[in-house]
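Q: Provided below are the primary sequence and the corresponding predicted coordinates.
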Amino acid sequence: MQNKKKLLPLGFYELTGDEAKKNYEFTKNTLESFMNSNYQLIKTSLIEFVENYDRNNLENTFKFIDNISGKNLFFRDDITVQISKLISANHANLNAPLKLCYYGDVVCLNSDEIYRERQQTQVGCEIIGSSNMNSCFEVIKSTLIALEKINITDLNISISLPDFLQKFLENIDLKNKEQLKDAIINKRISDIKILAQDYKELISEIVLKNNDFDDLDKKIRSKFNNPDINKILDNGKELMIFLQENFKIVDK
């Protein structure tokens, strides 16, 4: 009887030998770097109840029914959302700011046009409960130091600017903004080009070609004269200056 080749669903993988060892060592050394900088390790559940989350955050998750409780469950596709929920539920018993680090596999229902894998290992750190920009600087610095320790230099650094997307959408005259927002969050460029109309080139560049922040900053400001957007962009420039001053190998 011939052995049939074992196949996995598209976007899922197995690691063996050197690959598995490398994955383990990268995760271990990264977490140790965070913990040596006083981040508290947290490990969240792979599976959660759907009822405890905003359904808009669950569109890219595998869902199923628990045969014990009869309730709807899902496999996490992002650990940071879990941490946010956990902190919100226990904020009365926590002393802010809180430094946390975490790791684990996440599973996505669909891959996007940038990341093919639907199974990914997520490792990171957060500072919860601080609005000070220095906390952002510390998280970025801690992350880059951890990556340097495991000799990863080919990096794609994505900096999130809180509230930018919402303020951006509030200041454009388009229908179907919720659909456009979902396409932007999930980096579906083909949908963006249909929904964004006159803004499709700018939004596509924000999503895909954002390696030159100064150039992108000028293009956004040329289309919008909004103090909220300008403030968010100013924060982004401050972060870029911090990166350039502290990590010379990072291009803007």
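A: Okay, I see it.

Q: Now do the helices in this protein.
A: With DSSP state H as the criterion, the chain has helices at 17-36, 79-90, 133-149, 164-170, 177-185, 189-195, 200-208, 213-223, 227-246.

Q: Reformat those as JSON lines; add distance to residue 97 and mean pLDDT.
A: Where you see a C-beta, it was placed from the backbone N, CA and C, and this is true even at glycine. Shown next, in JSON lines, are the helices of the chain (distance: least, C-beta to C-beta, whole Å; pLDDT from 0 to 100):
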{"stretch": "helix 17-36", "distance to residue 97": "15", "mean pLDDT": "95"}
{"stretch": "helix 79-90", "distance to residue 97": "11", "mean pLDDT": "86"}
{"stretch": "helix 133-149", "distance to residue 97": "6", "mean pLDDT": "89"}
{"stretch": "helix 164-170", "distance to residue 97": "22", "mean pLDDT": "89"}
{"stretch": "helix 177-185", "distance to residue 97": "26", "mean pLDDT": "87"}
{"stretch": "helix 189-195", "distance to residue 97": "35", "mean pLDDT": "89"}
{"stretch": "helix 200-208", "distance to residue 97": "29", "mean pLDDT": "86"}
{"stretch": "helix 213-223", "distance to residue 97": "26", "mean pLDDT": "87"}
{"stretch": "helix 227-246", "distance to residue 97": "18", "mean pLDDT": "86"}
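
Q: Using TSV, lay out those together with mean neighbour count and distance to residue 116.
A: Shown next, in TSV, are the helices of the chain (neighbours: other C-beta atoms under 10 Å; distance: least, C-beta to C-beta, whole Å):
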stretch	mean neighbour count	distance to residue 116
helix 17-36	14	17
helix 79-90	15	20
helix 133-149	17	22
helix 164-170	17	24
helix 177-185	17	18
helix 189-195	16	14
helix 200-208	16	15
helix 213-223	14	25
helix 227-246	15	27
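
Q: With residue 63 as the reference, name the closest of those helices.
A: Among the helices of the chain, the nearest to residue 63 by C-beta to C-beta is helix 79-90 (14.9 Å).

Q: tell me the contacts of residue 33?
A: Residues in contact with residue 33, defined by C-beta atoms under 8 Å, 6 or more residues apart in numbering, are 142, 145, 146, 149.
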